[in-house]
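K.L.:
Give the three-dimensional model of this entry:
(one chain, ligands or ions: 2)
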Amino acid sequence: MGESLRGIGVSPGRAAGPAYRMTPPPPVPAPTPVTDPDAEADRAATALAAVAADLTRRAAAAAPGAGAEILRAQAMMAQDAELTAAVVAQVRSGCSAPVAIDRALAVHRQAFQSAGGYLAERVADLDDIRDRAVAACLGLPPPGIPDPGHPFVLVARDLAPADTAGLDPGRVLALVTEDGGPTSHTAILARAAGLPAVVRCPGALEIADGVPVAVDGSTGEVAVGVDRHAIAASRIAEQRRRRRLAAGQGPGRTADGHPVALYGNIGSARDLHGDLEGVGLFRTELLYLDRVDAPGRDEQAAAYAEVFAALPGRRVIVRTLDAGADKPLPFLDHGDEPNPALGIRGLRLARRRPEVLRAQLEAIARAARSATADVWVMAPMVATVAEAAGFAAACRDVGLPTAGAMVEVPAAALRARALLGVVDFLSIGTNDLSQYTFAADRQCGQLADLLDPGQPALLELVAACAAAGRAAGKPVGVCGEAAADPRLAPVLVGLGVSSLSMAPRAVPEVREALAAHTLADCRRLAAEALAADDADAPSFRTNSP
Ligand code: PEP
Ligand code: MG
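P.N.:
Numbering: from 1, shown residues only. Ligands and ions are numbered 1, 2, ... in the order given. I've put the predicted structure just below:
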């Protein structure tokens, strides 16, 4: 048995198998004299064609909405006649194939960047083409997710949303990253896919490819160099855990019967999984991703209707478009914002493009009319009472009677009482609320401690919202990643929230955690967490969930 590494467990479950690291981009070799320019031009063209063929194959295999359109557009870029001509010209001027590809793509990159808008947002796709084509020239494996031909534990510095298109939960047993945090894309992706995951695990990238590791996504432990007995023990423990969780069904409640609705966070009907009381966060961005034009009302209504039909008689809370910042959308042309996270994102987009919100609300209303689901609608990034009132009026205008506001900005939490004077419910988005409360970019793994939803300052804001909800007799739920943490869930309930919404695969663990605590336990844990000086001190962190 080798060493044991420790990080933050962000997606429960155990898995064991050989570790493989994300393949890094290849280094571009130093320029060397070219003796046979024709052969070199051929080598470059063959590499670009191979990249295009691979991207086309991945686009065909990708699920709709999982970036297939981006992959297809990227394949076309790789085959672009102008690009090929530019590469050949570089070869003719004396460059080897990889150097020619690098230089030609650098020129394209510059042009895209100067053009701004949609083209500037495609620069990362050009970089990816360069890395893949250079790797193909050098006979190296393509950068990104490795393909060892058997199931493996994926080790990476962190995963970007773009990496998820190539991630097959059938082959990846677990995720381990050196960076990232509880709200990073790695954590969100792992919970959605039901994969055990450990983030912020120092030393992970030093694990050699093929070394067997055992990952515990609850405790954050990664045992390196385990033997076959440890692998078998991990599999048995995981099977037991799954059987135990499968045995628990039904609505969420504490040990003494206090009800807490357990909802799912979804991006489309495909994400519905297991026994859900409803959907607490229907992220609608997926419909708009990879699009050059906004989807029409009919297309939107059909996508919403599919979700509503799957949940007859149950609640579905649809969040209107939350574009901008870490979710840029090509058709909106976000322009050159110096600080997109503090810019025109979420509901603020309606200031510039009111017709986009109006069309979406009309499509939701149309789908809701022919469904029995209890459809509620909420806006992301609400900051003021006036914004919330405007949104609620727009909802009622199209016949959507139940309108809410997400609390993602501290200003909204501070004004929770007044907000509940104009909307019917609040839903706390702890991912963004952490980011804006701590002035810490949610994508910055090095600030994971500040982004930890157990931070007392964040919990105080949650408590203020819950108190406002109790006073107004209106529901206040949590739909950020905090709700998916089985250790934190009882604390949130103790603070007074009425529902928890999370990746559907996280529901069984949270249901089990609530069933193990009385409401008085939850309140005691909440008081302790609020009184602590930091997120690590309270006992909910150290006790098993
Ligand atoms: C949040 O910010 O907590 C949230 C649920 O929204 P998203 O993660 O989609 O920004
Ligand atoms: Mg958010």
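
K.L.:
Flag every residue of the stretch 251-400 of the chain that's near ligand 1.
P.N.:
Contact residues (CB under 6 Å from any ligand atom) of the stretch 251-400 of the chain with ligand 1: L281, R283, D322. (Each C-beta comes from the backbone N, C-alpha and C, glycine too.)

K.L.:
OK, contacts around the first one?
P.N.:
Taking CB atoms under 8 Å, 6 or more residues apart in numbering, we find L281 in contact with Y263, G264, N265, I266, I317, R319, S427, C479, S501.

K.L.:
rerun at 10 Å
P.N.:
263-267, 316-319, 378, 380, 406, 427, 429, 477-480, 483, 501-503 (CB atoms under 10 Å, 6 or more residues apart in numbering).

K.L.:
Check what pLDDT the closest residue to ligand 2 within the stretch 251-400 of the chain gets.
P.N.:
Nearest residue of the stretch 251-400 of the chain to ligand 2: P380, at 5.6 Å (CB to the ion). On pLDDT, P380 comes in at 98.

K.L.:
do the same with the one 3 residues further on
P.N.:
According to the predicted model, the pLDDT of A383 comes to 98.

K.L.:
that older thread, parallel or antiparallel, list what pairs with the host helix or strand of the residue of the stretch 251-400 of the chain closest to ligand 2.
P.N.:
Element membership for P380 (DSSP states H and E) is strand 374-382. Using DSSP bridges, the strands paired with strand 374-382 in its sheet are strand 315-319 (parallel), strand 403-407 (parallel).

K.L.:
between the helix or strand following it and strand 374-382, how many degrees?
P.N.:
With elements assigned by DSSP H and E, the helix or strand that comes after strand 374-382 is helix 385-397. Here helix 385-397 points in a direction 150 degrees away from that of strand 374-382 (axes from the mean of the first three to the mean of the last three CA atoms, to 10 degrees).

K.L.:
For helix 385-397, enumerate the helices and strands it packs against.
P.N.:
helix 349-352, helix 354-369, strand 374-382, strand 403-407, helix 410-414, helix 416-419 (3 or more CB pairs under 10 Å, 6 or more residues apart in numbering; DSSP states H and E).

K.L.:
ok, 6 Å please
P.N.:
For helix 385-397, the elements it packs on are strand 374-382, strand 403-407, helix 416-419, judged by 3 or more CB pairs under 6 Å, 6 or more residues apart in numbering; DSSP states H and E.

K.L.:
Give me every residue in the stretch 51-200 of the chain lying close to ligand 1.
P.N.:
Going by CB under 6 Å from any ligand atom, none of the residues of the stretch 51-200 of the chain are near ligand 1.

K.L.:
For the stretch 51-200 of the chain, just list every one of the strands.
P.N.:
With DSSP state E, counting those that start in this stretch as the criterion, the stretch 51-200 of the chain has strands at 152-156, 172-177, 197-199.

K.L.:
cool, the stretch 201-350 of the chain as well?
P.N.:
212-216, 221-224, 261-266, 278-283, 315-319.

K.L.:
Name the residues of stretch 28-39 that are buried.
P.N.:
V28, V34, P37 (16 or more other CB atoms under 10 Å).

K.L.:
of all those residues, which comes closest to D158?
P.N.:
V28 (23.5 Å; CB to CB).

K.L.:
That closest one contacts R103, correct?
P.N.:
No - V28 lies out of contact with R103 (CB atoms under 6 Å); the separation is 9.1 Å.

K.L.:
Residue ranges in the chain under the pLDDT threshold?
P.N.:
Residue ranges of the chain with pLDDT under 70: 1, 62-68, 116-118, 120-121, 160-166, 185, 290, 542-545.

K.L.:
Spell out which residues of it are next to ligand 2.
P.N.:
E408, G429, D432 (CB under 5 Å from the ion).

K.L.:
Tabulate the strands paired with strand 374-382 (CSV), appending mean neighbour count.
P.N.:
CSV is the format used below for the strands paired with strand 374-382 (neighbours: other CB atoms under 10 Å):
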stretch, mean neighbour count
strand 315-319, 24
strand 403-407, 28
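
K.L.:
Just tell me which of the ones you listed ends up closest to I364.
P.N.:
Taking the strands paired with strand 374-382 one by one with CB to CB, strand 315-319 is closest: 5.4 Å.

K.L.:
Could you export the closest one as CSV, keeping only the C-alpha atoms?
P.N.:
Taking Å, rounded to 0.1, in the frame of the first residue of the first chain, the C-alpha atoms of strand 315-319 are listed here in CSV:
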residue,chain,number,x,y,z
ARG,A,315,-43.4,21.4,-9.0
VAL,A,316,-41.0,22.6,-11.7
ILE,A,317,-39.1,25.8,-11.0
VAL,A,318,-37.9,27.2,-14.3
ARG,A,319,-35.0,29.7,-14.2
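
K.L.:
Could I get the phi/psi values of P312?
P.N.:
Per-residue torsions, P312: phi -60, psi 130 (degrees, to the nearest 10).

K.L.:
How about the contacts made by it?
P.N.:
Contacts of P312 were listed using CB atoms under 6 Å, 6 or more residues apart in numbering, and they are T372.

K.L.:
Equivalent analysis for H334, please.
P.N.:
G324, P328.

K.L.:
Quick check: it vs E387, distance?
P.N.:
According to CB to CB, to the nearest Å, H334 stands 19 Å off from E387.

K.L.:
go on, G180?
P.N.:
When G180 is compared with E387 (using CB to CB), they lie 32 Å apart.

K.L.:
Looking at these two, which is more packed in?
P.N.:
G180 (30 against 23; other CB atoms under 10 Å).

K.L.:
Surely the more buried one is in contact with V199?
P.N.:
Yes - look at G180 against V199 with CB under 6 Å: they come within range, at 3.7 Å.

K.L.:
Which residues are in contact with each of those two?
P.N.:
T186.

K.L.:
right, and out of the buried residues of stretch 28-39, which lies closest to ligand 2?
P.N.:
V28 (37.9 Å).

K.L.:
residues touching the closest one, list them.
P.N.:
P98, D102, V134.

K.L.:
Make a markdown table out of those residues and add neighbour count.
P.N.:
As requested, the contacts of V28 are exported to a markdown table (neighbours: other CB under 10 Å):
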| residue | neighbour count |
| --- | --- |
| P98 | 25 |
| D102 | 21 |
| V134 | 25 |
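
K.L.:
Helices - which of those residues land there?
P.N.:
P98, D102, V134 (DSSP state H).

K.L.:
Of the residues you listed, which is the nearest to R352?
P.N.:
Closest to R352, out of all of the ones in helices among the contacts of V28 and judged by CB to CB, is D102, at 38.0 Å.

K.L.:
Spatially nearest residue to the closest one (excluding sequence neighbours)?
P.N.:
V28 (4.5 Å; CB to CB, 6 or more residues apart in numbering).

K.L.:
And the nearest residue to E460 once chain neighbours are set aside, how far from G469?
P.N.:
Nearest residue to E460, sequence neighbours excluded (CB to CB, 6+ apart): L530, at 6.3 Å. Per CB to CB, L530 is found 17 Å from G469.

K.L.:
Settle it for me: which of those two has more neighbours?
P.N.:
For L530 versus G469, the count of surrounding residues by other CB under 10 Å is larger for G469: 21 against 17.

K.L.:
so what does the helix or strand where that one lies touch, helix or strand wise?
P.N.:
Using DSSP H and E, G469 maps to helix 456-472. Here helix 456-472 touches helix 410-414, helix 416-419, strand 425-428, helix 430-437, strand 476-478, helix 489-495, helix 519-531, going by 3+ CB pairs under 6 Å, 6+ apart.
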